[in-house]
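>>> Sequence isn't available, so here's the structure alone:
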């Protein structure tokens, strides 16, 4: 075993050893069986969608919150596992971490080059999204996932124009020791064996004063796509390993300091793409198309109760490296051509905010103000190799340094005991410095010549928010909202030669885009809160859309391409009609279209649907529990998910006319989990994708041929958990 493998296994080994030693001490403690009972109340979930803790049903925000318990019931391990259970949330599956996340139809297409993400992606207090890649952390030991729909420009800043997705990790408990192990084995149809091992512990070191929470995991998922050219089976096997170490120090009941390190390394030797002309789950590639994502996040958060207000300070750093290898031979008529993409990120984020605990003016004015600073250093390299042409045919090194400063505030005025008016504002300033070095035949340059360009950009602006919320009594809340979202512009297409067909030079800059979101929402609790119904209708007006344009020669760049509107309705229902039975439904209808023709080199026309946005999505199912004895409980969870059709482009970017853009057909997924739980252990039989649906997650024509990204076939297995 090499040194790197040993280093990567250390966190997992450490967690296992720590758990074993602690369990040896705990073994002498008296074990008292707990009575397993079924629930007759909908789980209360606390959220921090407004940067302060409050109940989900009391928050006048369109937010879905999936607790750790609910994620566990679903068997959710990745983003794709829970996405369809959230109204207005969809994705384009272009191989994690290239998946594009879409909220409320705010999508820039199915391919991303330089434009930023349309959603803000957070792990605890740290924004972790990037221009090209969204991390997909494994959902072990998660407190909750929050999905905020609509632009969140005031509190979460640039990039959250469609909404914000927050992954909130479980924090140390300073009083109770806990430790657990989890293992599963499964088999994938047309694939192989899958394995998962997780170990964790919560360790109070000083009662009410100091504690640790440790987690380590390793996952081996079999591949299911075969490469007929290289005669390799199951090329998309996925190996993932990661760890978390969280520590909390609370010197008093007014002050707490939490530090965390989160790391995950994912490696895939091939992509989950098949070529439809070859048959089911078969591909023809001249080279291995590997993906690698190495993610490390460190965060230090301080929370200080000052009496009338609470001060929160967060400092975080993110280091990430993504390797993406691709066979792009179809671009040159089938001549073997290999592209090596390497992206490296380094981000440092600081945020300080202070919010009221007691409102001013007889408790009528609640307030929150804060400051934000982020520094990003990004390196993106592309290296194209064609052995028949002597090796290197394209080299491109791109450096981008970015500094982002913002000041923000939000104020809630209780005009009456039932009516509250909210106003928020965020001022920002963003500076970008880009340096680009290009060489090679595909850059249109003779041997030995290097083209050097420099691209700088700077902009500032404001993002406002206005809201009225009305408590109508009887556990019912109504609200009306208008909010603005913003996404930065930047450099693009540096060193790309002119269009060989038209002679038109490639663009080197694209501008920021912005949208206004208008919505009416409600939150209802019925039948003594055994029925919860939340819903909203919305209208979005979007200008200067950033989107990726793909030329016939395969070069891509970001352009501003016209305007669009997105409108729709969304609803969530959870009900417990009888003890032990919970029903749930999440549904949305989104109509997202262009409102004018795109200018060249854009391809869309007025009325075209926005790519990658299904009109209809819904998820429904049930969770049933029944006590079998005083300390034993049986359960079943059945879920059905439907995703409507969408398109993979506006027009010529798909290789065909706008009217005939490739349709990504609708698909349906069915999942089943059956299990038995006792106080110390749980066993679960599961069948994911029970009907073996072959979903079209992305109809891919980017490089001239046809490749379909698909989901995992039917997978059946057994999961065992033991808690000490």
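Thanks, I have it. Note that the structure is predicted; figures quoted are calculated from it, not measured.
>>> mind listing the helices for this protein?
Counting by DSSP state H, the chain forms helices over residues 3-26, 68-74, 79-83, 153-156, 360-363, given from the N-terminal end onward.
>>> how about the second one: buried residues?
Neighbour-count burial for helix 68-74, with 16 or more other CB atoms under 10 Å as criterion, is recorded at 68, 70, 71, 72, 73, 74. From N, CA and C alone the C-beta is placed, and that goes for glycine too.
>>> The residue lying closest to the second one once chain neighbours are set aside - how many residues pack around it?
Read it as residue 70. Nearest residue to residue 70 in three dimensions, chain neighbours excluded: residue 43, at 7.2 Å (CB to CB, 6 or more residues apart in numbering). Neighbours of residue 43 under the rule other CB atoms under 10 Å: 14.
>>> Would you agree residue 43 is in contact with residue 69?
Yes: counting by CB atoms under 8 Å, residue 69 is a contact partner of residue 43 at 6.5 Å.
>>> shaky segments in the stretch 401-550 of the chain?
For the stretch 401-550 of the chain, applying pLDDT under 70 flags the ranges 493-496, 550.
>>> in it, which spans are strands?
When secondary structure is read from DSSP state E, counting those that start in this stretch, the stretch 401-550 of the chain shows strands at 419-439, 450-471, 476-487, 490-491, 509-510, 513-526, 531-543, 546-550.
>>> Pull the distance from the second one to the chain's centre.
Spelled out, it's strand 450-471. The chain centre lies 21 Å from the centre of strand 450-471; the measure is CA atoms, centre = their mean, to the nearest Å.
>>> Show me what residue 699 is bridged to.
In this entry, residue 699 is beta-bridged to residue 708, by DSSP bridges.
>>> So, low pLDDT: which residues of the stretch 101-250 of the chain?
Counting by pLDDT under 70, the stretch 101-250 of the chain shows low-confidence ranges at 109-115, 132.
>>> switch the cut-off to 90
Under the criterion pLDDT under 90, the flagged ranges of the stretch 101-250 of the chain are 101-102, 107-120, 125-126, 129-136, 153, 156-162.
>>> Show me where it has its strands.
So, for the stretch 101-250 of the chain - with DSSP E, counting those that start in this stretch - the strands run 119-123, 126-127, 142-149, 163-169, 178-188, 193-206, 210-221, 226-227, 238-252.
>>> And those: which comes nearest residue 587?
The minimum distance between residue 587 and those falls on strand 142-149, with 13.4 Å, by CB to CB.
>>> packing partners for that closest one?
Based on contacts counted as 3 or more CB pairs under 8 Å, 6 or more residues apart in numbering; DSSP states H and E, the elements that strand 142-149 packs against are strand 63-67, helix 68-74, strand 163-169.
>>> what about residue 290, neighbour count?
By other CB under 10 Å, the residues close to residue 290 number 16.
>>> For the nearest residue to it once chain neighbours are set aside, give its distance to residue 697.
Take residue 290 and drop its neighbours on the chain: the residue closest to it by CB to CB, 6+ apart is residue 325, 4.6 Å away. Using CB to CB, to the nearest Å, residue 325 is found at 20 Å from residue 697.
>>> pLDDT weak spots in the stretch 551-700 of the chain?
Ranges of the stretch 551-700 of the chain meeting pLDDT under 90: 551-563, 594, 596-612, 629-631, 647-664, 697-700.
>>> quick one: low-confidence parts of the stretch 251-400 of the chain?
Within the stretch 251-400 of the chain, the ranges that satisfy pLDDT under 90 run 328, 330-335, 338, 358-363, 382, 385-394, 396, 398.
>>> let's go with 70 and repeat that
Under the criterion pLDDT under 70, no range of the stretch 251-400 of the chain is flagged.
>>> Quick check: residue 699 touching residue 705?
No: counting by CB under 8 Å, residue 699 stays clear of residue 705, with 11.6 Å between them.
>>> which of the two has more neighbours?
Under the criterion of other CB under 10 Å, the comparison of residue 699 against residue 705 puts residue 699 first, with 22 against 17.
>>> Show the contacting residues for the more buried one.
By CB atoms under 8 Å, 6 or more residues apart in numbering, the contact list for residue 699 reads 648, 662, 663, 664, 706, 708.
>>> which of these has the most neighbours?
So for the contacts of residue 699 (other CB under 10 Å), the most neighbours sit at residue 664, 25 neighbours.
>>> can I assume it is in contact with residue 646?
Yes: look at residue 664 against residue 646 with CB under 8 Å: they come within range, at 4.8 Å.
>>> intersection of neighbour lists for those two?
Overlap between the contact sets of residue 664 and residue 646, as judged by CB under 8 Å, 6+ apart, is nil.
>>> any idea how far residue 392 lies from residue 288?
Residue 392 sits 19 Å away from residue 288, taking CB to CB as the criterion.
>>> do residue 535 as well
Spatial separation of residue 535 from residue 288 under the definition CB to CB is 47 Å.
>>> For stretch 610-620, list every residue counted as buried.
So stretch 610-620, judged by 16+ other CB under 10 Å, has buried residues 610, 611, 612, 613, 614, 615, 617, 618, 619, 620.
>>> Surely the second one is in contact with residue 662?
No: judged on CB under 8 Å, residue 611 makes no contact with residue 662 at a distance of 9.6 Å.
>>> which non-adjacent residue is nearest residue 207?
Sequence neighbours aside, residue 175 is the residue nearest to residue 207 in space, at 6.1 Å (criterion: CB to CB, 6+ apart).
>>> since we're on that neighbour, how many residues are nearby?
The burial count assigned to residue 175 is 10, neighbours taken as other CB under 10 Å.
>>> Make residue 1 into 11 and carry on from there
With the count now opening at 11, the last piece we talked about shows up as residue 185.
>>> Show the contacting residues for it.
When the contact criterion is CB under 8 Å, 6+ apart, the partners of residue 185 are 214, 217, 218.
>>> just these now: which is nearest residue 284?
When the contacts of residue 185 are compared for distance to residue 284 (CB to CB), residue 214 comes out closest, at 50.4 Å.
>>> neighbour-wise, which of residue 335 and residue 707 wins?
Applying other CB under 10 Å to residue 335 and residue 707 shows that residue 707 carries more neighbours, namely 23 against 19.
>>> mind listing what the more buried one touches?
Applying CB under 8 Å, 6+ apart, one finds that residue 707 lies in contact with 101, 102, 103, 104, 674, 718, 719, 720, 721.
>>> Local confidence estimate at the second one?
Per-residue confidence for residue 102 comes out at a pLDDT of 79.
>>> dump the residue contacts of it.
For residue 102, the contact set (CB under 8 Å, 6+ apart) comprises 109, 110, 112, 117, 120, 622, 707, 708.
>>> For it, name its beta-bridge partners.
Going by DSSP bridges, residue 102 is paired in beta bridges with residue 110.
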